[in-house]
Structure formats: structure tokens, C-alpha cells
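1. Predicted model and sequence below, questions to follow.
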Amino acid sequence: SRLLSDGGSVAGVGVDQELISAVPAHNPTFVERNFTEAEIAYCQTQPSPQSSFAARWAGKEAVFKSLGVASKGAGAAMRDIEILPDENGAPRVTLHGDAKAAADSKNIKSVHISLSHSDTTAIAFAQASTT
Amino acid sequence: SRLLSDGGSVAGVGVDQELISAVPAHNPTFVERNFTEAEIAYCQTQPSPQSSFAARWAGKEAVFKSLGVASKGAGAAMRDIEILPDENGAPRVTLHGDAKAAADSKNIKSVHISLSHSDTTAIAFAQASTT
Amino acid sequence: SRLLSDGGSVAGVGVDQELISAVPAHNPTFVERNFTEAEIAYCQTQPSPQSSFAARWAGKEAVFKSLGVASKGAGAAMRDIEILPDENGAPRVTLHGDAKAAADSKNIKSVHISLSHSDTTAIAFAQASTT
């Protein structure tokens, strides 16, 4: 019988920081390549879309690091890492495509994320776990 | 027999950063509304009370995010999130009042915290878990 | 039947930030006291050895905090906390000597780490767990 607990291991952690002014949030090619339609719609309604895009960008990088997979460089599908507010306004990660496949291959069931930005810098922390 | 493991899931993570100079540590109303007597006594004995209050403020914000509850804005009881040094000098979180109730409602048993400050910026990371 | 879970508790977290220019990476005494031969070899092959040493230094501080042990000040053996890239290029922690003994005494089986640096600042996050 399988008596395993509902407790899960931490599979990996990821941290990232981005200078808010350095994220090309006004470049439609960058935005459409890296953010989902729902993310774009959300960021554009925020008080500072620039800050929101930058925080999410840091978040995607942090999630990517937490998965512990080799970077595919420019081909890394950041659009496959979607970060949207849950019913309480807290950011929640949903993985698609290659990111989902990478997580599945490592038995990663969930990734928790938190975002913060000051006037100049966005930071993000992600944690992947097998629960 | 009890077959459950002692392992727990991660319930949420929280990160926050604060510009040290922006935290009104010299405003008694701010301090008394947001810090417990023990926190105030501790911070006032540190080499830089301003930095200590700022780091703890970032810590409270990070803990709040890790609980994953909706913000009550100005009414959020930061005083209910108490961060004091343990016997090794490491920061330890104790929840009271509404913060404790929110944690209980999500089966959160502990929140780990770490704080760091540079000359200008305090950052904090918190992790809530069901163990 | 297997009654033990594969899940582990989080034993502690650690965060640290360092101004890259403040880490004396050009001081051989500092470097040899605090970094292993493998770490030095790795950092010296990176595009910015200064940034790599600074990020690892922040990483060692974060790991130390995550172990939750009392600091021994200048005697803290940062060299016992080794951070090297794994096969995917992600940083992986190996503990030696006093750091290993401290981890063993708290039943800590693994420490996950993530590093990030901007032009000016390195930040690191560590998480110790009993898995």
C-alpha cells in the first residue's frame, strides 16, 4: 500500500532581480513573445505597467531557475511560465508547454512565487516543490 | 498508528524590499501601531535602529505575502506578525490575532524568515509551511 | 510497505545581498580563506570574476543563515560552504567540516540555493530542508 504523506520536497529555488527601467515593456515584440494575453491584459491595468511587466519578468526568471533545467537561452519559452493574480491578488504560477514538461520530468507539482518592486528594482522568489 | 510523515508542504512564499530611509522609524505612531513592545525594545538596542526597524518591516510584509491572504490595506495588523531573534540570534516569526487566525485557516504551522540589509535597502524572505 | 514519506520539512531559509564592489575579490587572502579551489577556478573563468565571487559570497552567507546556527564571526568557515554549478549550470551546495556538522546536528539533508546579480548588487536565497 502507498502510505506516502501529502508532504513534498523542495525541488528547487530561484531568485532574480531586474532593473525596472531595463525591461523593454514598451516593445510589443518583447511583450508578445514573453507574456500571455492574460498577463498583458493584467499588467496594462496596473498603476505602473512598466513595473508590473518587470516584476513578472523577474518572476519568470526565478521560476525558470527553480525548475533547475538547462537554459535554452533566447529560446527559453518565458511565455510558458504564466504568472497571474489568484482570488486574493497573490501571484500564482501556471506552467505550459516546455516549462510544464520540464516540471513533470522532475515530478514538480507546484511552484510558489512572490514578487516585490521598489521604485527602481523588481525582485522575485520562486520555489518548486513535489507537492 | 500514525503513519503521517513529519514532512509538510510549502503553503506560500513572500519576498519584500524596502528602502531603509523610507521607513518612518522615528514616527512613534507608526512604530507603536506596527511593532510589538519586544520588537521595539530589540530594535532600539541595535547598532542602527533605523535599519533594524526597516528590515523587520520588510519581514512583516514578506510574512504577510507568504500567508496568501487578501490584504486589508491600512488595517492589516502588522503588529500581529512579530519577528524576534531566537537563542542563536536568527529571526523567528510568531503570529498573533488575525495573522494567527489566517494561518490556522490555511493549516500553516510555521513561517520561516530571513532578513538582510545593505546601507540603503532591506530585503526579507518568508516561507509558510504546513509543518 | 514503505511508511516513510519522501517529504521533508523546511528547516530554515536565508537571504543575503552584497554590493558587488564591496567584496574584496582581488584580495588573495580573502579569496583563499573563503572559497574552495574548485570555486576559485570556476569564478575565474566567468565573464566577470568579481560578480561571480560576490554572488557566491552572498550565497554562502544565505546558506549560513538557513542553517540557523550561531555565527562564529570571523571564524565562520565560509570555505566549508561550497557552491558549484551542477550539470545544468544551476548552483548546488555542498557542505564540509563545521557547516556539515551543524547541518547534521539539525537533521538538514539538503540546502537549495539560487543566486542573482545586477550590475551593482548580488542577492542569494537559500533553503535548508530535512529531505
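-> That came through fine. Given the structure is predicted, the values throughout are model-derived calculations rather than measurements. Numbering: from 1, shown residues only, chains lettered A, B, ... in the order given.
2. now the strands for chain A?
-> A:10-19, A:81-85, A:91-95, A:110-117, A:121-129 (DSSP state E).
3. quick one: is the first one near chain B?
-> Going back to what we said before, that points to strand A:10-19. Yes: residues of strand A:10-19 contacting chain B under C-beta under 8 Å from any C-beta of the partner chain: A:V10. C-beta here means a position set from N, CA and C on the backbone, and glycine is covered the same way.
4. Mean neighbour count, the strands of chain A: which tops it?
-> strand A:121-129 (a mean of 29; mean count of other C-beta atoms under 10 Å in any protein chain shown).
5. Adjacent strands (with direction) for it?
-> strand A:10-19 (antiparallel), strand A:110-117 (antiparallel) (DSSP bridges).
6. Residue nearest the middle of chain A, spatially speaking?
-> Among the residues of chain A, the one closest to the centroid is A:K60, at 3.0 Å (C-alpha atoms, centre = their mean).
7. Model confidence for that one, exactly?
-> If you check A:K60, the pLDDT there is 96.
8. Dump the strands of chain A into CSV; add mean pLDDT as well.
-> Shown next, in CSV, are the strands of chain A (pLDDT from 0 to 100):
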stretch, mean pLDDT
strand A:10-19, 93
strand A:81-85, 97
strand A:91-95, 97
strand A:110-117, 95
strand A:121-129, 96
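9. which residues does A:H112 bridge with?
-> A:Q127.
10. picking that back up, my read: the residue nearest to the centre of chain A touches A:P91, true?
-> No: with contact defined as C-beta atoms under 8 Å, A:K60 does not count as touching A:P91 (11.0 Å).
11. joint contacts of these two?
-> Common neighbours of A:K60 and A:P91, counting by C-beta atoms under 8 Å, 6 or more residues apart in numbering or on different chains, are A:I83.
12. give me every residue that touches the residue lying closest to A:C43 once chain neighbours are set aside.
-> Residue nearest to A:C43 in three dimensions, not counting chain neighbours: A:S52, with 4.0 Å by C-beta to C-beta, 6 or more residues apart in numbering or on different chains. Counting by C-beta under 8 Å, 6+ apart, A:S52 touches A:42-43, A:46.
13. Output the longest helix belonging to chain A.
-> In chain A, taking DSSP state H as the definition, the longest helix is helix A:49-67.
14. sorry, back to before: neighbour-wise, which of the contacts of A:S52 leads?
-> Among these, the one with the most neighbours (other C-beta atoms under 10 Å in any protein chain shown) is A:C43, at 20 neighbours.
15. pretty sure that one contacts A:A54?
-> No: using C-beta under 8 Å, A:C43 and A:A54 do not qualify as a contacting pair, with a distance of 9.4 Å.
16. shared neighbours, these two?
-> Counting by C-beta under 8 Å, 6+ apart, the residues touching both A:C43 and A:A54 are A:A25.
17. Mind pulling the model confidence for A:A74?
-> 49.
18. Could you pull up the residues touching A:V93?
-> By C-beta under 8 Å, 6+ apart, the neighbours of A:V93 are A:59, A:63, A:81-83, A:110-113, A:126.
19. how about a markdown table for the residues you listed, with distance to A:A70 added?
-> A markdown table is the format used below for those (distance: C-beta to C-beta, whole Å):
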| residue | distance to A:A70 |
| --- | --- |
| A:G59 | 20 |
| A:V63 | 15 |
| A:I81 | 16 |
| A:E82 | 21 |
| A:I83 | 22 |
| A:S110 | 22 |
| A:V111 | 18 |
| A:H112 | 22 |
| A:I113 | 21 |
| A:A126 | 17 |
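20. List just the nearest of these to chain C.
-> A:A126 (8.2 Å; C-beta to the nearest C-beta).
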